[in-house]
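S.K.: After the sequence you'll find the predicted model.
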Amino acid sequence: MDQTVAQFTELLGQHGIKLNSTQLHQFELYYQELVSWNEKMNLTGITERDQVYMKHFYDSISLAFYLNLEERGSLADIGSGAGFPGIPLKICFPHLKLTIVDSLSKRIKFLQHICDTLQLEGVQLIHGRAEDIARQGAHRDAYDVVTARAVARMALLNEFCLPFVKKGGVFAAMKGSDPAEELTEAKYSLKELRGQLMKVEPFKLPVEESARHIILVSKTATTPAKYPRKAGIPAKTPLV
């Protein structure tokens, strides 16, 4: 086991997450395919192996430090990009039924290749805009956990993500710097979309010590019929 993987496994172990050889092999394949495909399409600006393991893989899995995913059955990742945080979480918690929604078809194509290469089962990849997909019966008020990593400000993100969360479920927004200002701005959208702020978990990414915050929001009731608004409208006029 090389230094990058040894550090990765040790850091996860400190949070009670133990990876077997199959899972470690899946992460290595994921890294290799990410870098390979990144030469053809823009998936990530981070390609150094130790950086990918820390800033993409470990950072994605950090959600599980603050939310017990063993007790959750379904996870939706909205605006997943190159698969973060959904795919790393699926590797660590294979029982999760994972749904990824992304608006770019070429990213969905990459993610399908990753799922095939890593032999991941129970993953649904959907090409479309969150506002449209959240109006479909199969996805509305349907998921135990919904997450988004570095996608948009909270006032907008709430409208993208909360409609997917079932009553009693959790929306987890993964952020960098302190989101206090965003949360103040997002109070109206939380109320409108039946979300209630549970807590904000601050931590530092190991090694480089950069700030991270995970915002946990509980869904108190089903989504009102008028939300989400038509695709494009939330971004132009966020609920503030």
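M.R.: Thanks, I have the structure now. Residues are numbered from 1 along each chain as shown.

S.K.: can you pull out the strands in the protein?
M.R.: Using DSSP state E, the strands of the chain run over 74-78, 97-102, 123-127, 143-149, 165-175, 195-204, 211-219.

S.K.: Out of those, flag the one nearest residue 29.
M.R.: Checking the strands of the chain against residue 29 by Cβ to Cβ gives strand 123-127 as the closest, at 14.9 Å. Using the backbone N, CA and C atoms, a C-beta is placed for each residue, glycine as well.

S.K.: buried ones in the lengthiest helix in the chain?
M.R.: Using DSSP state H to define each element, the chain has its longest helix at helix 21-38. Applying a neighbour-count criterion of 16 or more other Cβ atoms under 10 Å, one finds 23, 26, 27, 30, 31, 33, 34, 35, 37, 38 buried in helix 21-38.

S.K.: for stretch 117-135, same thing?
M.R.: Per 16+ other Cβ under 10 Å, stretch 117-135 contains these buried residues: 118, 120, 123, 125-131, 133-135.

S.K.: With stretch 211-227 instead?
M.R.: By 16+ other Cβ under 10 Å, the buried positions in stretch 211-227 come out as 213, 214, 215, 216, 217, 218, 219, 223, 227.

S.K.: again with stretch 230-240
M.R.: Here stretch 230-240 shows 234, 238, 239 as buried, counting by 16+ other Cβ under 10 Å.

S.K.: Now for the closest residue to residue 240 other than its chain neighbours: which residues touch it?
M.R.: Spatial nearest neighbour of residue 240, chain neighbours left out: residue 155 (4.9 Å); criterion: Cβ to Cβ, 6 or more residues apart in numbering. Residue 155 makes contact with 182, 185, 186, 188, 189, 238, 239, 240 under the criterion Cβ atoms under 8 Å, 6 or more residues apart in numbering.

S.K.: ok, residue 60 - how many residues close by?
M.R.: The tally of other residues near residue 60 (other Cβ atoms under 10 Å) stands at 24.

S.K.: now do residue 108
M.R.: Neighbour count for residue 108, taken as other Cβ under 10 Å: 18.

S.K.: Could you tell me which residues make contact with the closest residue to it other than its chain neighbours?
M.R.: Nearest residue to residue 108 in three dimensions, chain neighbours excluded: residue 127, at 4.6 Å (Cβ to Cβ, 6+ apart). Counting by Cβ under 8 Å, 6+ apart, residue 127 touches 102, 103, 104, 105, 108.

S.K.: Buried among those? Make that a ChimeraX selection.
M.R.: Selecting only the buried entries of the contacts of residue 127 in ChimeraX, with 16+ other Cβ under 10 Å as the criterion:
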select :102,103,108
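
S.K.: Turn the contacts of residue 127 into a markdown table, columns for distance to residue 72 and pLDDT.
M.R.: Shown next, in a markdown table, are these (distance: Cβ to Cβ, whole Å; pLDDT from 0 to 100):
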| residue | distance to residue 72 | pLDDT |
| --- | --- | --- |
| 102 | 21 | 96 |
| 103 | 25 | 94 |
| 104 | 27 | 95 |
| 105 | 29 | 95 |
| 108 | 24 | 97 |
